[in-house]
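Student: kindly return the folded structure for what I paste below:
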Amino acid sequence: MKGVFMALSGGIGGAKLVSGLAETLRPEQLTIVANTGDDFEHLGLHVSPDIDTLLYTLAGISNPETGWGRANESWSFMSALGELGADTWFRLGDKDLALNVYRTHRLRTGQTLTEVTADLADRLGLSVAVVPMSDDPVRTHLDTDSGLLEFQEYFVRRQCEPAVSGIHFKGSEYARPSPGFVNLLHSDELAAVIICPSNPFLSIDPMLSIPGVRDSLVSCSAPVIAVSPVIRGRSMKGPTAKIMGELGVPVAASAVAKHYEGLIDGFVLDSSDTDSADSLADSGLKLAMTNTVMKTLDDRISLARTMLEFAHSLR
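Tutor: Residues are numbered from 1 along each chain as shown. Below you'll find the predicted structure:
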């Protein structure tokens, strides 16, 4: 296949698919745009959880048990921090800490998040491009029954327990898409845009909230296709289904497709999700059905190949 494929991704779920894409495409054919709405400052450090999950997964050094953090991690820093009585609710392993210290230092010298991320990817031996959605701060906040919460407060400290009634992306109105994001969107080399099976509300919507991004996706000549993170009323990872229910959205793959209505040209569902396929049959949206549960690397590669073939059929 010719051209460059752009993957819009959050953390763990998206990282699985992009690792399959990275195994299928040549390095110069893949650009991964990472959600940074989850970024926050912790212990004086700039932490970019989704970027790091993507980097670690693609480098083959992620923790296979959690999907986040690094394999063979040590926790001396957190232990010492706890002994001092400091907050340890957001856990940074020693190797992870080193990366975050390095990133924060580089940012404070005036480099952009795009530049620092490219350098980190290179140092981890990656050949594919990983770019942040923006070099400007966009921070996800949630209205909950426990008040307004920053994303990591909700996601990690509160373990997604509070009920969500609204989602906001602070700073998005002033943000610009990163150069690697916007330039490819407007490039004749763009072959397709793949929206990974990441949380539509917490991982993809922050990108779409940046002025000009949605319009650029709608108007780009390449097909835009999305993979459902919901299978038969359940989300494979994270609080997607819980949030959909709390927002009054039906917990179904068809509701995810409707959320992306007007944006996508094609939608991929799990082979078992026939109910959602039937409900979308008359929508005019092109559908593909395959196994979307990625338990092994072979599963990831198989789904990636299906995505690429589907994108080719829509061109």
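
Student: go through this structure and flag its longest helix.
Tutor: Of all segments of type helix in the chain, defined using DSSP state H, the longest is helix 297-314.

Student: helices along the stretch 1-150 of the chain, start to end?
Tutor: 12-24, 49-59, 76-83, 94-108, 113-123 (DSSP state H, counting those that start in this stretch).

Student: show me the one of these that comes nearest W68.
Tutor: W68 lies closest, by Cβ to Cβ, to one member of these: helix 49-59, at 5.2 Å. In this view, the C-beta of every residue, glycine as well, is placed from N, C-alpha and C.

Student: before we move on, back to that, how about the helices of the stretch 1-150 of the chain in TSV, adding mean pLDDT?
Tutor: Output for the helices of the stretch 1-150 of the chain, formatted as TSV (pLDDT from 0 to 100):
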stretch	mean pLDDT
helix 12-24	96
helix 49-59	97
helix 76-83	96
helix 94-108	97
helix 113-123	98
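
Student: got these as CSV, with distance to I32 and mean neighbour count columns?
Tutor: Shown next, in CSV, are those (distance: least, Cβ to Cβ, whole Å; neighbours: other Cβ atoms under 10 Å):
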stretch, distance to I32, mean neighbour count
helix 12-24, 5, 24
helix 49-59, 6, 24
helix 76-83, 29, 13
helix 94-108, 17, 17
helix 113-123, 9, 18
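
Student: tell me the contacts of V218?
Tutor: Counting by Cβ atoms under 8 Å, 6 or more residues apart in numbering, V218 makes contact with 262-263.

Student: my error: substitute V47 in the last question.
Tutor: Applying Cβ under 8 Å, 6+ apart, the residues contacting V47 are 39-41, 90, 92, 100, 152.

Student: gap between G212 and T114?
Tutor: 17 Å (Cβ to Cβ, to the nearest Å).

Student: wait, I meant D270
Tutor: In terms of Cβ to Cβ, D270 sits 34 Å off from T114.

Student: please report phi then psi for I231.
Tutor: phi -130, psi 120 (degrees, to the nearest 10).

Student: pLDDT value on it, please?
Tutor: Listed pLDDT for I231 reads 94.

Student: now do the contacts for the residue nearest to it when sequence neighbours are not counted.
Tutor: Nearest non-adjacent residue to I231, counting by Cβ to Cβ, 6 or more residues apart in numbering: D270, 4.4 Å away. D270 is in contact with 228, 231-232, 253, 289-293, counting by Cβ under 8 Å, 6+ apart.

Student: one more time with 7 Å
Tutor: 231, 291-293 (Cβ atoms under 7 Å, 6 or more residues apart in numbering).

Student: quick check: phi and psi on it?
Tutor: phi -70, psi 150.

Student: just the strands in the stretch 101-250 of the chain please.
Tutor: 129-132, 139-144, 147-150, 164-170, 190-195, 224-227, 230-231, 234-235 (DSSP state E, counting those that start in this stretch).

Student: the fourth one pairs with which strands, and in what direction?
Tutor: Note on strand 164-170: by DSSP bridges, its sheet partners are strand 139-144 (antiparallel).

Student: could I get the helices of the stretch 1-150 of the chain in CSV, plus columns for distance to G67?
Tutor: CSV is the format used below for the helices of the stretch 1-150 of the chain (distance: least, Cβ to Cβ, whole Å):
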stretch, distance to G67
helix 12-24, 4
helix 49-59, 7
helix 76-83, 19
helix 94-108, 14
helix 113-123, 19
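
Student: among those helices, which is nearest S187?
Tutor: helix 113-123 (16.3 Å).

Student: any buried residues in stretch 274-290, and which?
Tutor: Of all the residues in stretch 274-290, those buried under the rule 16 or more other Cβ atoms under 10 Å are 276-277, 279-280, 285-290.

Student: distance check, the spatially closest residue to S228 that is not a sequence neighbour against K170.
Tutor: For S228, ignoring the flanking residues on the chain, the nearest one in space by Cβ to Cβ, 6+ apart is A253 at 3.9 Å. For A253, the distance to K170 (Cβ to Cβ) stands at 30 Å.

Student: what about the two, which has more around it?
Tutor: Taking other Cβ atoms under 10 Å, A253 and K170 do not tie; A253 has more neighbours (28 against 15).

Student: ok, that one touching V230?
Tutor: Yes - counting by Cβ atoms under 7 Å, V230 is a contact partner of A253 at 4.9 Å.

Student: what about the nearest residue to P250 once chain neighbours are set aside, distance to R91?
Tutor: Leaving aside its chain neighbours, P250 sits nearest to M244 (7.2 Å; criterion: Cβ to Cβ, 6+ apart). M244 sits 28 Å away from R91, going by Cβ to Cβ.

Student: out of the two, which sits in the busier spot?
Tutor: Legend: neighbour count by other Cβ under 10 Å for M244 and R91, higher for M244 (23 against 15).
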